[in-house]
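Asks: Please work out how this folds:
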Amino acid sequence: VKYSDNWLLPAEKTHHSLLHNLQFNVLQRTQNKHKITQTVQLQTIQMAAAPSIIREVEAVYNNILWNLNQNQELLQNDIALLVTDMNKYRFAIEQVFETLNHQHKTTLNYAIVDSSATTESRYAEAVLDLFVVFDDDFIRASVFKWLDNPCVQAANQFDEQDWQDWLMAVDYLGIYCGFSHLYPAQRSSCSDVDVSTLFTWEKGLKRLHRSLVVINEDAESLRFLDAAGIGQLSVLLETLNQFKKKLQQTLTAAQWEPLLNRMFDLLLDIPATDNREQFVQMMLQQALIKLAKIQPDLPLNFADIKQFIQYELQQIPASKGSYLTGGVVCAALQPMRPIPFQITYVLGMDEKSFPGHLQRETLDLTNRSRRIGDINAIENRNYLFLETLMCTREKLYLSYVSQDLQKDETIEPSPVLMTLKAYCLSLIHISEPTR
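Replies: Coordinates of the predicted model:
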C-alpha cells in the first residue's frame with residue numbers, strides 16, 4: 001500500500017481556515033495560494049494572555065463550555081488541555097473545574113494525567129516531610145507540618161483537636177528545635193543552666209511530665225492537655241528520635257529495606273476514607289525490596305537512600321480519571337500526547353516555561369561537537385509543539401500568563417508563539433470594510 005499523508009488533514013473542509021492552511025503548508029513545504037480573506041477563518045487559531053494561572057484556566061473552562069454549546073456533536077473526549085508544567089497547573093485545573101462545575105451546576109468531566117505521587121499523594125508527602133523533620137533537626141514548623149498529614153494521624157490515632165492542643169502546648173513551652181540539644185555547647189556558662197538544652201523537645205517534654213504531678217504555673221496553663229495526650233506526644237517524639245539515630249548510620253541496601261519499611265509501617269498508615277494511597281504505599285515498599293534484591297551489599301548513607309526514595313516517588317503515577325474516556329484530557333505537553341483532538345488548548349506558553357533553557361552539563365558531549373541527529377531539550381519541545389499543531393483538527397488555543405504579580409513585571413510570550421504569530425499574519429489578507 002502506497003503511503004499517503006492525506007489522513008493528517010481533515011476529511012472535509014467547508015473553507016480554508018487558518019489552521020488548515022498552516023497544516024497544509026507544513027506538510028507540503030510550500031506556500032499555499034489560498035489566503036485568509038474572512039475573519040471567520042481566523043477562529044481556528046487563537047492566542048491569549050492572562051494575568052494569572054487561575055484566570056487562564058477559568059478562561060479555558062468557559063471557552064470549553066462555549067464550544068460544546070456551539071457544536072452539539074462535539075464530545076468532551078474530543079478536547080485536550082495541554083500544559084507545559086503539570087506541577088504548576090494541576091492544582092489550578094482541579095480548583096477551577098471543581099469550583100465552576102459547582103457554580104454553573106454543570107458536569108464538565110476531566111481526566112488529569114502525567115502527574116507524580118510527590119505532588120498528589122498524601123502518603124508520599126508524609127514520607128518526604130518525615131525526612132525534612134530529620135534534616136531540620138526537629139524544627140517545630142517541620143514537625144507540626146508532618147503531624148498535620150492524615151496518614152500520620154491515622155497511624156498514631158490522633159485527630160485535628162489533638163494537633164491543635166499539642167501546638168498550643170509546644171508554643172507555650174517555647175520549644176524551638178532539636179531533641180536534646182540546640183547546638184553543641186562550646187563554652188561553660190556562668191549559670192547552672194545549660195543554654196544548649198533550652199527550647200528543645202526533651203526539655204519541653206520534661207516540663208509537660210512535671211505538670212502532671214506538680215501543681216505549678218505550667219500545670220495551670222496546660223490544663224487543656226490530659227495525661228493521655230502528653231504521653232502520646234512524648235512517645236511519638238521519642239520514636240522519631242530513635243529512628244533518626246538509626247538513620248545516621250551507613251547501611252547496606254539489604255539493611256535499609258527492613259528498617260525503612262518498619263519505620264513507615266509504624267509511623268504512617270492509610271486513612272480508611274482514601275484507598276488510593278495504598279497503591280503508593282505498595283509501590284514504595286516494592287521499590288525498597290527490589291533494591292535490596294538487586295544490590296544487597298551496596299553501602300548507602302541517609303542522603304543516598306533519601307534520594308533514591310524521592311526518585312521512586314516521582315516515578316509513581318498519580319492520575320485522576322480515565323485517559324481519553326474520562327472527559328476533557330488534561331495532560332502535560334510531552335511525547336505520545338498529541339493525539340488528533342478536535343480542539344486543543346496549550347497553556348503556559350511564556351518565554352520562561354517554553355521551550356525552556358539548555359542545561360550545560362559536562363557529561364553531555366553534544367555541547368562540544370554536535371553531529372547530525374543530535375537533539376537538545378529545546379528542539380525536542382519545539383517538535384512536540386509542531387506535533388500538537390499538526391494533530392489538532394478544528395481549533396487550537398494558545399495562552400500564557402503575561403504578568404508576575406509578585407514581582408510586578410511583564411512576562412513575554414514564548415519565541416515559538418511569536419514565530420507562529422508572525423507566520424499566521426503573513427497568511428492573512430483581509431481588507432478593511434469600506435464606509
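
Asks: quick one: buried residues of stretch 129-144?
Replies: 129, 130, 131, 133, 134, 137, 138, 139, 140, 142, 143 (16 or more other Cβ atoms under 10 Å). Backbone N, C-alpha and C define where each C-beta goes, glycine included.

Asks: Repeat that for stretch 76-96.
Replies: Buried residues in stretch 76-96, defined by neighbour count with 16+ other Cβ under 10 Å: 76-86, 89-90, 92-94, 96.

Asks: Show me the residues you listed that map onto helices.
Replies: When those are checked against helices (DSSP state H), the matches are 86, 89, 90, 92, 93, 94, 96.

Asks: beta partners for the closest residue to the first one other than its chain neighbours?
Replies: Leaving out its chain neighbours, the residue that sits closest to residue 86 by Cβ to Cβ, 6 or more residues apart in numbering is residue 332, at 4.3 Å. Judged by DSSP bridges, the bridge partners of residue 332 are residue 83.

Asks: how near is residue 332 to residue 278?
Replies: Applying Cβ to Cβ, to the nearest Å, the value for residue 332 to residue 278 is 25 Å.

Asks: same deal with residue 66?
Replies: For residue 66 relative to residue 278 (Cβ to Cβ), the value is 40 Å.

Asks: picking that back up, out of the ones in helices among the buried residues of stretch 76-96, which is nearest to residue 181?
Replies: Using Cβ to Cβ, the shortest approach to residue 181 within those belongs to residue 90, at 40.9 Å.

Asks: list the contacts for residue 106?
Replies: Shown in contact with residue 106 (Cβ atoms under 8 Å, 6 or more residues apart in numbering): 65, 100.

Asks: What is the burial count for residue 227?
Replies: Neighbourhood size, residue 227 [other Cβ atoms under 10 Å]: 11.

Asks: State the phi and psi torsions of it.
Replies: Backbone torsions for residue 227, taken as degrees, to the nearest 10, come to phi -70, psi -40.

Asks: What residues sit buried inside the strand or helix carrying residue 231?
Replies: Residue 231 belongs to helix 227-247 when assigned by DSSP states H and E. Judged by neighbour count using 16+ other Cβ under 10 Å, the buried positions of helix 227-247 are 229, 230, 232, 233, 234, 236, 237, 240, 243, 244, 247.

Asks: could you dump that helix to PDB, C-alpha only?
Replies: Extracted in PDB, the C-alpha atoms of helix 227-247 (Å, rounded to 0.1, in the frame of the first residue of the first chain):
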ATOM      1  CA  ALA A 227      -2.200  12.700  80.600                       C
ATOM      2  CA  ALA A 228      -3.100  10.600  77.500                       C
ATOM      3  CA  GLY A 229      -2.300  13.500  75.100                       C
ATOM      4  CA  ILE A 230       1.000  14.200  76.800                       C
ATOM      5  CA  GLY A 231       2.000  10.500  76.800                       C
ATOM      6  CA  GLN A 232       1.000  10.200  73.100                       C
ATOM      7  CA  LEU A 233       3.100  13.200  72.100                       C
ATOM      8  CA  SER A 234       6.100  12.100  74.100                       C
ATOM      9  CA  VAL A 235       6.100   8.500  72.700                       C
ATOM     10  CA  LEU A 236       5.800   9.800  69.200                       C
ATOM     11  CA  LEU A 237       8.700  12.300  69.600                       C
ATOM     12  CA  GLU A 238      10.900   9.600  71.300                       C
ATOM     13  CA  THR A 239      10.200   7.200  68.500                       C
ATOM     14  CA  LEU A 240      11.200   9.800  65.900                       C
ATOM     15  CA  ASN A 241      14.400  10.500  67.800                       C
ATOM     16  CA  GLN A 242      15.300   6.800  67.900                       C
ATOM     17  CA  PHE A 243      14.800   6.300  64.200                       C
ATOM     18  CA  LYS A 244      16.800   9.400  63.500                       C
ATOM     19  CA  LYS A 245      19.800   7.900  65.300                       C
ATOM     20  CA  LYS A 246      19.500   4.700  63.300                       C
ATOM     21  CA  LEU A 247      19.300   6.600  60.000                       C
END
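
Asks: moving C-terminal of it, what's the next helix or strand?
Replies: Per DSSP H and E, helix 227-247 leads on to strand 251-252 as the next helix or strand towards the C-terminus.

Asks: Can you tell me what sits against that next one?
Replies: Defining contact as Cβ under 8 Å, 6+ apart, one finds that strand 251-252 is touched by 259, 296, 297, 298, 299, 300.

Asks: Could you check how far it is from the centre of its chain?
Replies: Its chain's C-alpha centre and that of strand 251-252 lie 31 Å apart, by Cα atoms, centre = their mean, to the nearest Å.

Asks: Who does that strand pair with, and is each partner parallel or antiparallel?
Replies: If you go by DSSP bridges, strand 251-252 pairs up with strand 299-300 (antiparallel).

Asks: still on that earlier bit, residue 332 and residue 278: which has the busier surroundings?
Replies: The neighbour count for residue 332 versus residue 278, taken as other Cβ under 10 Å, is higher for residue 332 (19 against 11).
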